[in-house]
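Novice: requesting a structural model of the entry that follows:
(one chain, ligands or ions: 1)
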Amino acid sequence: MTELSPSLSGMRLLLGVSGGIAAYKSAELVRRARQAGAEVRVVMTAAAEHFVGSATFQALSGNPVRSALWDPAAEAAMGHIELARWATQVLVAPASADFLARYAAGMADDLLTTVLLASAAPVAVAPAMNQQMWAHPATAGNLQRLRQRGVSVLGPAAGEQACGDVGLGRMLEPEELVDALIAQQAGDRLRGLRIVVSAGPTFEDLDPVRFIGNRSSGRMGFAIAEQAALMGAQTVLVAGPTALPTPPGVQRLNVRSAEEMLRAVLDQIDAADVYVGAAAVADYRPVAPRSNKIKKAAEAIELKLIRNPDILATIAEREQRPFLVGFAAETEDVLRYARGKLEAKKLDLIAANQVGLPGSGFDSSDNEITLIWADGEMALPRASKRELARALLEQVAERMPTRDNND
Ligand code: CTP
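Specialist: Reported below is the predicted structural model:
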């Protein structure tokens, strides 16, 4: 079984730590970033050293920590320009009001600001300060300048502060910062692509109050749409009936029946580069739905059902077709049936999962899937639907024929 590759693998993270009580949380940040696969080097400002010892960061990052610009031994080992070039991502956490002012002004009066000026890597800052300092127009102006220069500003959060105040100014939690870095790292993978995702169940009406539905929660498809948007794709989500919230940055189209879903998907398909059919589309619908409620009169009634159109197969028949991804939810002989569907529906990729197991499948937030394509397959270990969605989209990016994946 393939391990899900850590989400920050390949990232060389330069973590700047400036002076603030939140600096202690940055130790945990280093640990989590490394766990996620990043290589980490820490640069501390002089003020930061009042809050946390450099030995902590050195032990956790596994690399020497630097703080002074004028340190001949450290410069001989790795010069500050070399350090600036080494980084593929810079994060300053905590970013104090003073640091933000110096960085916004383009100063180079200590090692951290000098490295920032000399680096071409994307920069994120996680401000942490007293709420009054955060609200000050000087700080707001500095932040605006930084945003205009393409710096991403992560947080701050609101809450109780070390000084006893309550308000905006708390540094985001290490976990949230690592998530933001993951999103940033993934940002370009699907940029320029348009992805249509179908999700959820379909409801086939019998009469105005009854329908035939299924147990799909829509979570897997929603997670795919969420991650696709984070990875830079223009994302359209065609959603069957579900109460799930729309993921940020995603255009949602609500539908009810299989026929409605087919129409909505076809409307979008010409402009799409990828279609992911994650919906549990009803295979049959009532032949003649009643316009009035069916009354309880007869002892037994018969229900005649007719086949619904197959959305994936319909798209596969088109001359201009996007990259097609399907799902196969099976209760037995999972891989064999899934490969059969891959071939029968002429898909590029299918995600197979066993339903009916406790703790995975429809209602669960976890799942276990195997990705199958014409000449290969990859079993993904049990993980959250969000992580599986990422891994699936990474494979889509990998297998899309027209893209150069090394850029
Ligand atoms: N699918 C579709 N349109 C349908 C039925 C299914 O696009 N009318 C898609 C689903 O979104 C999924 C894939 O086909 O991506 C497989 O769906 P599944 O229900 O597992 O397979 P079926 O083709 O319906 O076959 P069966 O129910 O016999 O297993």
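
Novice: make it CA atoms for all contacts and neighbour counts henceforth
Specialist: Noted.

Novice: show me where the stretch 251-400 of the chain has its helices.
Specialist: 258-269, 311-316, 334-344, 385-399 (DSSP state H, counting those that start in this stretch).

Novice: show me where the stretch 1-150 of the chain dips below the pLDDT cut-off.
Specialist: Under the criterion pLDDT under 70, the flagged ranges of the stretch 1-150 of the chain are 1-6.

Novice: can you give me the helices for it?
Specialist: If DSSP H, counting those that start in this stretch is used as the criterion, the helices of the stretch 1-150 of the chain fall at 25-35, 54-61, 72-77, 80-86, 97-104, 111-118, 131-135, 137-148.

Novice: closest to the ligand out of those?
Specialist: helix 25-35 (33.4 Å; Cα to the nearest ligand atom).

Novice: how far away from the center of its chain is the closest one?
Specialist: 19 Å (Cα atoms, centre = their mean, to the nearest Å).

Novice: just checking, what packs against that helix?
Specialist: strand 39-44, helix 54-61, helix 174-186 (3 or more Cα pairs under 8 Å, 6 or more residues apart in numbering; DSSP states H and E).

Novice: just say which of these is most tucked in.
Specialist: Of all those, strand 39-44 has the most neighbours on average by mean count of other Cα atoms under 10 Å, namely a mean of 24.

Novice: what sits up against that strand?
Specialist: 10-18, 30, 33-34, 54, 57-58, 61-67, 111-112 (Cα atoms under 8 Å, 6 or more residues apart in numbering).

Novice: for ChimeraX, what selects the buried ones among those?
Specialist: Command for ChimeraX, covering only those of the contacts of strand 39-44 found buried under the criterion 16 or more other Cα atoms under 10 Å:
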select :11,12,13,14,15,16,17,18,30,33,34,54,57,58,61,64,65,66,67,111,112
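
Novice: one step back: nearest to the ligand, of the helices and strands packed on helix 25-35?
Specialist: helix 174-186 (24.6 Å).

Novice: quick one: name the residues of the chain near the ligand.
Specialist: 277-283, 308-312, 326-329 (Cα under 6 Å from any ligand atom).

Novice: repeat that with 5 Å
Specialist: 277-279, 281, 283, 310-312, 326-329 (Cα under 5 Å from any ligand atom).

Novice: which among those count as buried?
Specialist: The buried subset of these (16+ other Cα under 10 Å) comprises 277-279, 281, 310-312, 326-329.

Novice: Ala124 touches Gly155, doesn't it?
Specialist: No: between Ala124 and Gly155 there is no contact under Cα atoms under 8 Å: 10.4 Å.

Novice: the more surrounded of the two?
Specialist: Ala124 (24 against 18; other Cα atoms under 10 Å).

Novice: ranges for the strands of the stretch 151-300 of the chain?
Specialist: Counting by DSSP state E, counting those that start in this stretch, the stretch 151-300 of the chain has strands at residues 152-153, 157-160, 166-170, 194-199, 204-207, 210-212, 234-239, 250-254, 274-277, 284-286.

Novice: what's the second one in contact with?
Specialist: Same thing as strand 157-160. 166-172.

Novice: just the closest of the residues you listed to the ligand, please.
Specialist: Leu172 (37.6 Å).

Novice: where does the stretch 251-400 of the chain dip in pLDDT?
Specialist: 358-363.

Novice: I'd like to know how many residues surround Ile212.
Specialist: 14.

Novice: dig out what it forms beta bridges with.
Specialist: Note on Ile212: beta-bridge partners by DSSP bridges are Glu204.

Novice: could you check the pLDDT of it?
Specialist: At Ile212, the pLDDT value in this model is 97.

Novice: with Gly232 instead?
Specialist: So, for Gly232, pLDDT stands at 84.

Novice: now it, nearest residue through space, not along the chain?
Specialist: Leaving aside its sequence neighbours, Gly232 sits nearest to Arg191 (Cα to Cα, 6 or more residues apart in numbering; 4.3 Å).

Novice: for that neighbour, grab phi and psi.
Specialist: phi -60, psi 140 (degrees, to the nearest 10).

Novice: quick check: it touching Ala233?
Specialist: Yes: using Cα under 8 Å, Arg191 makes contact with Ala233 at a distance of 5.0 Å.

Novice: so between the two, which is more surrounded?
Specialist: Ala233 (25 against 16).

Novice: contacting residues around the more buried one?
Specialist: Taking Cα under 8 Å, 6+ apart, one finds 190-195 in contact with Ala233.

Novice: go again using 6 Å as the cut-off
Specialist: 190-191, 193-194 (Cα atoms under 6 Å, 6 or more residues apart in numbering).

Novice: Pro322 now?
Specialist: So Pro322 contacts 273-274 (Cα under 6 Å, 6+ apart).

Novice: likewise Val90?
Specialist: So Val90 contacts 13-15, 123 (Cα under 6 Å, 6+ apart).

Novice: closest one to the ligand out of these, please.
Specialist: Nearest member of the contacts of Val90 to the ligand, counting by Cα to the nearest ligand atom, is Leu13, at 38.0 Å.

Novice: follow-up on the earlier one: quick one: closest of the helices and strands packed on helix 25-35 to Asn214.
Specialist: Checking the helices and strands packed on helix 25-35 against Asn214 by Cα to Cα gives helix 174-186 as the closest, at 32.5 Å.

Novice: I'd like the average pLDDT over that closest one.
Specialist: On average, helix 174-186 scores 86.

Novice: got the CA positions of stretch 379-387 in CSV?
Specialist: Only the C-alpha atoms of stretch 379-387 are listed here, as CSV (Å, rounded to 0.1, in the frame of the first residue of the first chain):
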residue,chain,number,x,y,z
ALA,A,379,-4.0,1.9,-2.9
LEU,A,380,-4.3,4.9,-0.6
PRO,A,381,-4.3,4.2,3.1
ARG,A,382,-7.2,5.0,5.3
ALA,A,383,-7.3,8.8,5.7
SER,A,384,-9.7,11.7,5.9
LYS,A,385,-11.8,12.4,2.8
ARG,A,386,-10.0,15.7,2.5
GLU,A,387,-6.5,14.0,2.4
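
Novice: count of neighbours near Glu330?
Specialist: 16.

Novice: I'd like to know how far the residue lying closest to it once chain neighbours are set aside sits from Leu342.
Specialist: Excluding the flanking residues, the one nearest Glu330 by Cα to Cα, 6+ apart is Gln354, at 5.0 Å. According to Cα to Cα, to the nearest Å, Gln354 stands 16 Å off from Leu342.
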